[in-house]
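Student: Next one to model:
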Amino acid sequence: MSVANPYNKGGKAQSLQRLSEAGFRVPPFFLCDSTWSREDILNKIKSDLRKSNFFAVRSSAEGEDSAQKSFAGHFYSAVAIKKGQVYDEVKKVCASFKGLTGSVIIQEFIASDSAGVMFSEVEGGKVVINSTLGMCFPVVNGQACDEYICHKNGRIVSKTVQDKSAAFFREGVISTENTKKESLNSEEISELTDLAQRIQKLFRSPQDIEWCFKENKLYVLQSRPITRSFKIGEEEYFDSANIAESYSGIVLPLTCTFARMVYERVYKDLLAMSGVSRKKIERYSMIFENLLGFFYGRMYYNMNNWYHLAEFVPGYERNKKNFEGMITSNIREEVQKAIKPSLGLTVAYPFIVALKLLTYGFATRLFKWRVNKYLRELRQKDFGSLSYAECIKLFHKINEKLLNKWYVTLENDFFVMTYLGLLKKLLKEEDIQKAIVFESKATEQVKAIADLSAKIYEDQSLWASVQSRNINDFQVKIKGRLDMNTSLQEYLSSFGGRFANELKLESIGVDEDVGKLLDVLKAYHDHQPRAALKPQKLNISFARNTIVQLILWKFRKYASRREEFRLLRS
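Tutor: Predicted coordinates:
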């Protein structure tokens, strides 16, 4: 008889085996894989599950029910299967793995009286139980069910009993019926909360547990780490703040999904490089996946999750205020705290920040050099000649090359807000506005486009093409003006990606649309540059002014660098 490879059990099977060995009531099961024949499976059922008439056939793929991913509902499974159908169902499960290794669980099917899922510990140390009468799959599929929020000792904090669809297995057939009857009593709830704490203690982490009752016996059907954090009964706050400047108007799904991916990736990296463990970050992955909210085509910050970001490292109140100031938030709310920095990070954090300050100059120079080098390489690529598969491959390569160090730009924002916070403690608001004037890449770009426009204006034939918006004529003529074409290409290479709505992937910029380029050249022909602004003298004491000027120097350096990074981003 074939034997399943023990190293390919998958997380679900390993969890069930561990629960069974620890003495929990788990329906008996065995493992097989795609190499098993129909005869192998029937013989194993006869020897190990001979008392069973119906079976559950479930997936246990590589990585399933792990601390990083649950793969809930991702693979095929079946319940209430007759003995003669098991082999065919095993084949369906194996096919759903789609190249992943793993095993198939063949388990005695329990025709339950009530069933559901529970979370052994969520925000505030509560246990959450979702349940229904009959079988578990209406709950797993997200249908209406009863919900109980309890203390760990079983005392109910709140309960919601709903009209629900219940599935029962009777005389070999699954039937559904609507019911208003409550699915659990107080004794069962107490038994469940006790079970939750014992299983959490076994696995040493909060667990998402599937369970059922049959004739007053409590069975454990599955247990996996909670990979998504959530809160109970908390208001959610959304703010467009300065994100509306970057993503104004209606934003299409392409940009929404890309922005969500970038925010998640970069902020996870930022916290990891600030001393927070990757394991802890992944435990709260839902926070990072939902930093943005999307309603009716518009993009918002999910402020609750941004506030939770500030909890990962020491100095929550300072971090929260800095963020609110950075995005000019209209919201100043308090949310329930769910995360605490570890003691080790609390002790080490000042040293981590000091080390970043000491090495940050080198880190940013290296970052800019790497990004610019890779962008120069990309400009040589003929994207139009790539196949679909090559485009996908290049997309992932670009993300890996560029995003894996992008947290450096966020660290710069942290320093900007830190020094701005110090200035706010030392100066009045009107004095700050007088003092923080500085040149940046934004002013450099305005001067560059004005100079380019003036240069092209000197050639009246070429300028006539600009004025008439004759794209073909302009493209032909500019190629014959070597010096002007060089100046144009230098501008596009430096600033071509910086334009209104540049971060919306559906927006076409001046580097791709010659018509828009001609409009910009025409608009800046009469541009009169303002005299360079200079910081005004502050009416404060010499000692205070000495400290302020040092902080101002730091602030201007990081604020100017922030504009450089925005240009790189575009």
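Student: Could you list the low-pLDDT ranges of the stretch 451-570 of the chain?
Tutor: Within the stretch 451-570 of the chain, the stretches with pLDDT under 70 are 531-533.
Student: With adjacent residues omitted, what lies nearest to Ile508?
Tutor: Once flanking residues are discounted, Ile508 sits nearest to Lys516: 7.1 Å by C-beta to C-beta, 6 or more residues apart in numbering. Every residue, glycine included, has its C-beta placed from N, CA and C.
Student: now that neighbour: how far from Met118?
Tutor: Per C-beta to C-beta, to the nearest Å, Lys516 is found 57 Å from Met118.
Student: more neighbours, these two?
Tutor: Remark: of Lys516 and Met118, Met118 carries more neighbours, 23 against 16, as counted by other C-beta atoms under 10 Å.
Student: got the contact list for the more buried one?
Tutor: Residues near Met118 by C-beta atoms under 8 Å, 6 or more residues apart in numbering: 127-130, 192, 196, 208-209, 211.
Student: Name the residues of the helix or strand harbouring it that are buried.
Tutor: Here Met118 sits within strand 114-122, counting by DSSP states H and E. By 16 or more other C-beta atoms under 10 Å, the buried positions in strand 114-122 come out as 114-122.
Student: How about stretch 362-369?
Tutor: In stretch 362-369, counting by 16+ other C-beta under 10 Å, buried: 363-364, 367.
Student: and the residues you listed, which of them are in helices?
Tutor: If you go by DSSP state H, the buried residues of stretch 362-369 have 363-364, 367 in helices.
Student: could you dump those residues to a markdown table with distance to Glu89 and pLDDT?
Tutor: Formatted as a markdown table, these follow (distance: C-beta to C-beta, whole Å; pLDDT from 0 to 100):
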| residue | distance to Glu89 | pLDDT |
| --- | --- | --- |
| Ala363 | 55 | 92 |
| Thr364 | 57 | 93 |
| Phe367 | 52 | 93 |
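Student: Now these in TSV, please, with extra columns for distance to Gly344.
Tutor: Formatted as TSV, those follow (distance: C-beta to C-beta, whole Å):
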residue	distance to Gly344
Ala363	23
Thr364	27
Phe367	27
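Student: Pick out whichever of those sits closest to Ser385.
Tutor: Phe367 (30.2 Å; C-beta to C-beta).
Student: dump the residue contacts of that closest one.
Tutor: With contact taken as C-beta under 8 Å, 6+ apart, Phe367 is in contact with 405, 408-409.
Student: same question, Ser175
Tutor: For Ser175, the contacting residues are 167-168, by C-beta under 8 Å, 6+ apart.
Student: ok but it is inside a helix, no?
Tutor: No: counting by DSSP: H, G, I helix; E, B strand; the rest coil, Ser175 is not part of a helix but strand.
Student: State the distance from it to Ser165.
Tutor: According to C-beta to C-beta, Ser175 and Ser165 sit 11 Å apart.
Student: Check Glu289 too.
Tutor: Applying C-beta to C-beta, the value for Glu289 to Ser165 is 30 Å.
Student: just Ile250 next, same as before
Tutor: With the distance defined as C-beta to C-beta, Ile250 ends up 38 Å from Ser165.
Student: Give me the more crowded residue out of these two.
Tutor: Higher neighbour count among Ile250 and Ser165: Ser165, with 16 against 12, using other C-beta under 10 Å.
Student: helix/strand/coil for the more buried one?
Tutor: Ser165 - assigned by three-state DSSP - is strand.
Student: How much space separates it from Ser385?
Tutor: To Ser385, Ser165 is 54 Å away according to C-beta to C-beta.
Student: Show me the shaky parts of the stretch 101-250 of the chain.
Tutor: 227-234.
Student: I meant the stretch 251-400 of the chain, not that one.
Tutor: Scanning the stretch 251-400 of the chain for pLDDT under 70 picks out nothing.
Student: thinking again about what came up before, highest neighbour count among the contacts of Phe367?
Tutor: Result: Val408 is most packed of the contacts of Phe367 (other C-beta under 10 Å), 22 neighbours.
Student: ok, now which ones touch it?
Tutor: So Val408 contacts 363-364, 367 (C-beta under 8 Å, 6+ apart).
Student: Give me the pLDDT value at it.
Tutor: pLDDT, Val408: 93.
Student: List the buried residues for the strand or helix carrying it?
Tutor: Secondary structure assignment for Val408, by DSSP H and E: helix 407-426. Within helix 407-426, the residues that count as buried by 16+ other C-beta under 10 Å are 407-420, 422-423, 426.
Student: So for this structure, the centremost residue is which one?
Tutor: With distances taken as C-alpha atoms, centre = their mean, Glu289 lies nearest the centre of the chain, 2.4 Å away.
Student: nearest residue to it other than its sequence neighbours?
Tutor: In space, Glu289 is closest to Glu264, 5.4 Å off (C-beta to C-beta, 6+ apart).
Student: before we move on, what about Asn322?
Tutor: The shortest distance from Asn322 to any non-neighbouring residue, by C-beta to C-beta, 6+ apart, is to Met417 (3.9 Å).
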